[in-house]
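Visitor: pasted the sequence and its predicted model underneath.
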Amino acid sequence: MSPSHLLQKILDILKEFVPEAWWQRVRRAFYLRRYRRTDRRENRRITRSRAPILIVSEADNAAHAYADWLAWAEQHRPDLRRAIRLDRLPGASARGAGGLHAWVQDPVRERDEALFDRLQRLERQVGHHGGGVVNPAGVLSNTLRDVMWERLAGLPLRVAAVARVPADPHDPFMPERYPVMVRPRWGHGLPMELLPHPEGWRTWRRRTQGDGVQWVTTEFIDVRGTDALYRKYRYISFGGRGLARHLIVSRRWEVRPKDRILTDATREEELAFVHGEMPYAAVLEQARAALGFDVAAFDFSYDATGRLVLWEVNPFPDLSTPRTGASRYLQDVVHATYGALADFYEKLLQEARR
């Protein structure tokens, strides 16, 4: 038996006697050390000493979430890239940092209190020296769907009404209107269900009893066009500078990139959107300010009257090239987004130097 097979057999035996939570802690500590070593090598290769901007990520993935942007910045904004130091949570140091941006998934307080405390300590250290913090951990709780709906009330846009589902399965709560969407209270890209009638609600309620998930109901707004297709638009703002990012046309009410319809007509429609006027920008910037975000992406549609329907605001959006045929004609939009983020960091860098 080879040494690797012997080691694996020993580990398999140990797992029968050691709790899974312990193994998870060991794995997390192992990868944290491994990825931190990678970051140190990258910092030595690129970053100048006393780099003023600190980027921190969690130790769950080998690559930082915006690794493509880092590679782009090294080529197109080398001075800015040298001003950025990479680190990992937990254990990151704010030494010498005049600006901090945590590339972490929202919300933080609700999903990991220990991570939230560590981030807040980093933020206090940066703030103590007059540095700026992008999307502080505290404001990321504003992505809770019911909280977001409440904070956006009164703005001149339509936001689908949200209500929390009581945790007590015996609570008589029921939606007022059908169909209604049910989805987790937080998280992006998670599946949702459309319940057509009260019996569907009761069946879903029985099925999800005791699952430990915090659920919400969300008003279903039919935004199909005259061609029976659904459209979801995305706009991204970096500190007030906004760009149209993409338009997804789909036959499904739950619009996802994998269901994107790609034809000559939808391609031209999307190009017209991403390169056209942005009459919606002012109200979306009001929404960003109401939520306290510095960086945010907005997913929206239009109802039958032409009114903007805001579905979601994401302070940690995917900035990578689309993994569909749309990548062939949206590359310039991706690079424009990278340039906007670089400009945002340049401004942060200028403030850190004052």
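Guide: Here it is on my side, so go on.
Visitor: Asn135 against Pro315, yeah?
Guide: Yes. Between Asn135 and Pro315 there is a contact under C-beta atoms under 8 Å: 5.0 Å. Any C-beta I mention is one placed from the backbone N, CA and C, and that applies to glycine too.
Visitor: common neighbours of the two, please.
Guide: Common contact partners of Asn135 and Pro315 (C-beta atoms under 8 Å, 6 or more residues apart in numbering): 293-295.
Visitor: just among those residues, which is most surrounded?
Guide: Within the shared contacts of Asn135 and Pro315, Phe293 tops the neighbour count with 24 neighbours, counted by other C-beta atoms under 10 Å.
Visitor: need the pLDDT of it.
Guide: Here, the pLDDT recorded for Phe293 equals 98.
Visitor: am I right that it is in a helix?
Guide: No. The assignment for Phe293, made by DSSP: H, G, I helix; E, B strand; the rest coil, is coil rather than a helix.
Visitor: give me the phi and psi for the closest residue to it other than its chain neighbours.
Guide: Among residues not flanking Phe293 along the chain, Pro315 sits closest, at 4.7 Å (C-beta to C-beta, 6 or more residues apart in numbering). As for Pro315, its main-chain torsions (degrees, to the nearest 10) stand at phi -80, psi 0.
Visitor: I'd say Lys232 and Trp253 touch.
Guide: No. Judged on C-beta under 8 Å, Lys232 makes no contact with Trp253 at a distance of 10.2 Å.
Visitor: more crowded one of those two?
Guide: Set Lys232 next to Trp253 and count neighbours by other C-beta under 10 Å: Lys232 wins out with 21 against 15.
Visitor: please name the bridge partners of the more buried one.
Guide: Ile248 (DSSP bridges).
Visitor: quick one: contacts for it?
Guide: 247-248, 250, 255, 299-301, 311.
Visitor: now Arg323
Guide: Contacts of Arg323 (C-beta under 8 Å, 6+ apart): Pro257.
Visitor: quick one: it and Gly187, what's the gap?
Guide: 20 Å (C-beta to C-beta, to the nearest Å).
Visitor: and the pLDDT for the nearest residue to Asn314 once chain neighbours are set aside?
Guide: Nearest residue to Asn314, sequence neighbours excluded (C-beta to C-beta, 6+ apart): Ala297, at 4.6 Å. pLDDT, Ala297: 97.
Visitor: which phi and psi does Ala297 have?
Guide: Ala297 has phi and psi values of phi -110, psi 140 when expressed as degrees, to the nearest 10.
Visitor: identify the bridge partners of it.
Guide: Assessed by DSSP bridges, Ala297 has beta-bridge partners Ile236, Asn314.
Visitor: Gly242 is in contact with that one, correct?
Guide: No. In this structure, Ala297 is not within contact of Gly242 by C-beta under 8 Å, at 9.8 Å.
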